[in-house]
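Trainee: only geometry, no sequence info:
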């Protein structure tokens with residue numbers, strides 16, 4: 001949200017601006033009052049988007065996520081919605097089975113991270129039994145809505161609950177089951193912007209007829225979506241889809257051997273389903289991939305790039321390109337620095353490239369790379385595709401650590417504010433870059449925590465020397481050493 005004044009300069013506290021923007025969710029008007037213009041950019045209402053998807057033709061395919069990165073990948077792959085599975089979240093977050101061990105706080109916290117990692121995809125969260133009585137259900141529904149979920153699943157199992165396809169299923173009485181859904185619907189009607197997905201496990205706990213009675217009652221109570229878990233045949237699935245009129249139905253295609261027949265999306269749509277969830281595909285694939293990587297590492301081999309992707313692929317998956325693009329909007333110049341002309345910048349780069357330097361350590365043995373080093377970040381071929389380091393940036397900034405005033409050198413008090421360490425760790429045997437990251441130059445303690453190999457080096461002195469040495473090749477690392485089969489290089493940007 002942007003706030004400006006037509007008369008006098010007027011700025012509101014940032015937290016008030018954020019509160020106002022949060023309350024304007026789905027509109028973009030500009031309001032004017034007493035010379036103050038308040039404008040809010042349009043935000044996507046994911047709950048409304050899910051409502052529209054439920055009214056649109058075709059079946060909605062939703063892989064199940066368990067954390068922020070899995071949700072991000074689902075959205076990037078183009079799926080219209082996702083389901084945050086309790087089974088998968090308990091496994092990924094706790095390393096524990098889905099037997100009621102994971103708590104409301106842990107689930108809603110995971111939901112916030114998932115919401116922040118995605119942009120517009122509606123996500124339905126697994127609310128289990130609501131974590132208590134009807135009042136707990138209302139609190140759970142409101143909490144999930146605040147976390148950003150577009151829908152919440154509430155079920156009728158007794159505690160401790162478990163996956164619908166495992167043994168020992170027990171459900172509450174009809175009265176309590178309906179009471180939970182009524183409480184969820186009341187929370188929605190009282191302002192929680194979220195859809196209610198009502199689930200019953202009565203098919204395995206009691207009978208198909210009991211499960212059908214319950215979904216009819218859930219629909220009468222106001223549920224937005226219905227779900228019977230662990231149906232055992234296509235005939236049972238058709239019976240479910242004939243129940244409760246036009247309320248949308250969800251299918252659960254448990255991969256790898258559940259009780260429900262695995263059908264194609266078209267077959268499910270023909271039966272009458274509107275949504276289908278795929279609960280284990282991502283978690284199962286992740287487990288197998290990690291096991292394969294661990295097997296390689298145990299044998300002394302780094303997993304091949306076709307198995308784990310390139311470093312650039314991984315950066316893209318976690319959002320580095322978007323981060324740098326947004327970061328550029330708020331870029332500030334180094335204090336005391338003015339952009340040189342293109343001719344002077346070229347001359348500076350040429351002069352720097354033609355000079356050579358030698359540096360020595362006062363406390364440890366290390367060597368500085370020359371400008372002809374194959375790992376030089378000054379070379380255009382060494383710059384990552386995501387533009388972590390722009391061509392010429394290091395050359396220009398390297399000369400700004402000191403300034404001429406009155407014929408003498410005087411250090412700029414903010415000389416590190418816009419400086420970064422580019423840390424690169426390369427496996428000597430394979431040449432594979434194992435780590436490449438940037439950290440602010442002001443956080444020297446953070447650097448030693450990230451790269452224990454540099455502990456014992458006087459980094460403060462080394463940075464000062466690099467900043468004050470105008471003849472230093474800016475493309476050369478300030479640290480270049482071998483440690484335990486790794487080549488550790490640190491460049492000052």
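Mentor: Ah, there it is. In this text the structure is predicted, and so the values were computed from the model without any measurement.

Trainee: what residue ranges in the stretch 151-300 of the chain score low on pLDDT?
Mentor: 162, 164-168 (pLDDT under 70).

Trainee: one more time with 80, if that's ok
Mentor: 160-169, 257 (pLDDT under 80).

Trainee: ok, then the element right after the longest helix that the chain contains?
Mentor: With DSSP state H setting the assignment, residue counts place helix 281-298 as the longest helix in the chain. Next helix or strand after helix 281-298 toward the C-terminus (DSSP states H and E): helix 305-308.

Trainee: any idea which helix or strand comes after that following helix?
Mentor: Heading C-terminal from helix 305-308 (DSSP H and E), you reach helix 311-318.

Trainee: other SSEs contacting that next one?
Mentor: helix 68-76 (3 or more CB pairs under 8 Å, 6 or more residues apart in numbering; DSSP states H and E). From N, CA and C alone the C-beta is placed, and that goes for glycine too.

Trainee: quick one: contacts of the helix it packs on?
Mentor: 63, 65, 82, 84, 113-114, 116-121, 123, 282-283, 286, 317-319 (CB atoms under 8 Å, 6 or more residues apart in numbering).

Trainee: how about a cut-off of 6 Å?
Mentor: 63, 65, 82, 113, 114, 117, 118, 121, 282 (CB atoms under 6 Å, 6 or more residues apart in numbering).

Trainee: about what we covered before: buried stuff in the longest helix of the chain?
Mentor: By 16 or more other CB atoms under 10 Å, the buried positions in helix 281-298 come out as 282, 283, 286, 293.

Trainee: ok, now how distant is the third one from residue 46?
Mentor: Taking CB to CB, to the nearest Å as the measure, residue 286 and residue 46 are separated by 25 Å.

Trainee: repeat that for the last one.
Mentor: Taking CB to CB as the measure, residue 293 and residue 46 are separated by 34 Å.

Trainee: show me where the stretch 51-200 of the chain has helices.
Mentor: Using DSSP state H, counting those that start in this stretch, the helices assigned to the stretch 51-200 of the chain run over residues 68-76, 86-89, 104-117, 134-147, 174-189.

Trainee: can you list the low-confidence ranges for the stretch 351-493 of the chain?
Mentor: 351-420, 434, 438-470, 472, 474, 483-484.

Trainee: 70 instead, please
Mentor: Short version for the stretch 351-493 of the chain, where the test is pLDDT under 70: 351-418, 442-450, 453.

Trainee: residues touching residue 87, list them.
Mentor: 98, 163.

Trainee: could you check the pLDDT of it?
Mentor: pLDDT, residue 87: 92.

Trainee: look up how far residue 154 lies from it.
Mentor: On the measure of CB to CB, residue 87 and residue 154 end up 16 Å apart.

Trainee: what of residue 222?
Mentor: 12 Å.

Trainee: those two: which is more packed in?
Mentor: residue 154 (25 against 16; other CB atoms under 10 Å).

Trainee: wait, residue 422 sits on residue 438?
Mentor: Yes. With contact defined as CB atoms under 6 Å, residue 422 reaches residue 438; the gap is 5.4 Å.

Trainee: quick one, which of these two is more surrounded?
Mentor: Using other CB under 10 Å as the criterion, residue 422 and residue 438 rank with residue 422 on top: 19 against 13.

Trainee: let's verify that one: helix, strand, or coil?
Mentor: Here residue 422 is strand, with the state taken from DSSP: H, G, I helix; E, B strand; the rest coil.

Trainee: list the contacts for residue 209?
Mentor: Contacts of residue 209 by CB under 6 Å, 6+ apart: none found.

Trainee: just give me the residue right at the centre of the chain.
Mentor: residue 117 (3.5 Å; CA atoms, centre = their mean).

Trainee: just give the number of residues close to the spatially closest residue to residue 222 that is not a sequence neighbour.
Mentor: Leaving aside its sequence neighbours, residue 222 sits nearest to residue 185 (CB to CB, 6 or more residues apart in numbering; 3.8 Å). Neighbour count of residue 185, defined by other CB under 10 Å: 22.

Trainee: before we move on, what about residue 104?
Mentor: Neighbours of residue 104 using other CB under 10 Å come to 17.

Trainee: for it, which non-adjacent residue is spatially closest?
Mentor: Nearest to residue 104 is residue 131, by CB to CB, 6+ apart, at 4.3 Å.

Trainee: against residue 222, how distant is that neighbour?
Mentor: In terms of CB to CB, residue 131 sits 20 Å off from residue 222.

Trainee: do the same with residue 88
Mentor: 28 Å.

Trainee: pretty sure residue 156 sits against residue 200.
Mentor: Yes. The criterion here is CB under 6 Å, and residue 156 meets it with residue 200 at 5.1 Å.

Trainee: neighbour count winner among those two?
Mentor: residue 200 (29 against 26).

Trainee: what bridges to the more buried one?
Mentor: Beta-bridge partners for residue 200, by DSSP bridges, are residue 228.

Trainee: next SSE after the host helix or strand of residue 461?
Mentor: Residue 461 belongs to helix 459-468 when elements are defined using DSSP H and E. On the C-terminal side of helix 459-468, the nearest following helix or strand under DSSP H and E is strand 479-483.

Trainee: so what's the residue nearest to the centre of the chain closest to, chain neighbours aside?
Mentor: Residue 117's closest residue in space is residue 68 (CB to CB, 6+ apart), at 3.7 Å.

Trainee: could you report the neighbour count for the one you found?
Mentor: 19.

Trainee: can you tell me how far it sits from residue 82?
Mentor: Going from residue 68 to residue 82 by CB to CB gives 12 Å.
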